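Asker: Fold the stuff below for me.
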Amino acid sequence: MRLLIVEDNEDEIGIFTKDLAKTPAIEVTFARSRDTALSLIERESYDLVVVDLKIPTIDGGLDSDYRHGLAVHSKLREVASGTPAVVFSGFGTIDLVSELADKSDHEDIWGTGVSQALTCFKDKSQFAKCLEFIRSVEEQDAALSEIEISFGATPLGLD
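Answerer: Okay, here's the model as predicted:
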C-alpha cells in the first residue's frame, strides 16, 4: 500500500516511521510542506493520504497555516478524487473538519459492499487511532491485491 503522510512535525514523523515499519507492506512517503505534498500528489498515486492541516508552504518554513493543509486536500480531490484521506490535526478546527467530512463523497473503496467517506478526521491527541485506521486500510488493500483477474487461461498481470 502506498501511503502519503503530510506532516511537518519531526517527532510525529518519527512515531509514524517507527510504528509503520512494523508493517512492511506499507510504503510511506512523507511531505513536510504544502508545496512538496502538491508536487507528490500531481506526480504519484497513493492508496491513502494523511494530511495535517497546519503545515508550512515549503519544507522548513515557518508560515504554518491550516489553509495550506486544506490546499493539499483540495488538490487530492481534484487529481485523485477516489483516494481516501485522513485529516490528522490537533488544530482546533472542529467546525472546519466537520464541514469537510459532511461534504465528503462516499464510495465503496475496497469492494466490500460498504460505502464510506473519502475524508475522515483523526485528532492528533489520539495518535493510536490514526495508526489503527492506516493498518485497517492496508488490510483492505491487501485483500484487494489477492484477487486475481484473468481472461480465460491467460493471466492479465494487472496490479
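Asker: Stretch 61-71: how far from the chain's middle?
Answerer: 17 Å (CA atoms, centre = their mean, to the nearest Å).
Asker: per-residue confidence averaged over it?
Answerer: For stretch 61-71, the mean per-residue pLDDT is 93.
Asker: Doesn't Ser136 belong to a helix?
Answerer: Yes - under DSSP: H, G, I helix; E, B strand; the rest coil, Ser136 falls within a helix.
Asker: okay, it: pLDDT?
Answerer: Taking Ser136 on its own, its pLDDT is 92.
Asker: swap in Gly152?
Answerer: Per the predicted model, pLDDT is 67 at Gly152.
Asker: who touches the residue nearest to the spatial centre of the chain in this structure?
Answerer: When CA atoms, centre = their mean is applied to the chain, the residue found nearest the centroid is Val49 (1.4 Å). Val49 makes contact with 3-6, 41, 72, 76, 83-86 under the criterion CB atoms under 8 Å, 6 or more residues apart in numbering. (Each C-beta comes from the backbone N, C-alpha and C, glycine too.)
Asker: who's it bridged to?
Answerer: Leu4, Ala85 (DSSP bridges).
Asker: Next one, pLDDT for it please.
Answerer: Per-residue pLDDT puts Val49 at 98.
Asker: Tell me the spacing between it and Pro84.
Answerer: 8 Å (CB to CB, to the nearest Å).
Asker: One more: Leu70?
Answerer: On the measure of CB to CB, Leu70 and Pro84 end up 17 Å apart.
Asker: out of the two, which sits in the busier spot?
Answerer: Pro84 (23 against 17; other CB atoms under 10 Å).
Asker: Could you grab the helix/strand/coil label for Ile41?
Answerer: Three-state call for Ile41 (three-state DSSP): helix.
Asker: Low-confidence ranges, this structure, go.
Answerer: 91-95, 97-98, 101-102, 149-159 (pLDDT under 70).
Asker: At which residues are the strands of it located?
Answerer: 2-6, 27-31, 48-51, 85-89, 106-107, 116-117, 119-123, 150-151, 154-155 (DSSP state E).
Asker: want to try JSON lines for those strands, with distance to Gly14 as columns?
Answerer: JSON lines is the format used below for the strands of the chain (distance: least, CB to CB, whole Å):
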{"stretch": "strand 2-6", "distance to Gly14": "12"}
{"stretch": "strand 27-31", "distance to Gly14": "11"}
{"stretch": "strand 48-51", "distance to Gly14": "15"}
{"stretch": "strand 85-89", "distance to Gly14": "15"}
{"stretch": "strand 106-107", "distance to Gly14": "32"}
{"stretch": "strand 116-117", "distance to Gly14": "29"}
{"stretch": "strand 119-123", "distance to Gly14": "18"}
{"stretch": "strand 150-151", "distance to Gly14": "43"}
{"stretch": "strand 154-155", "distance to Gly14": "41"}
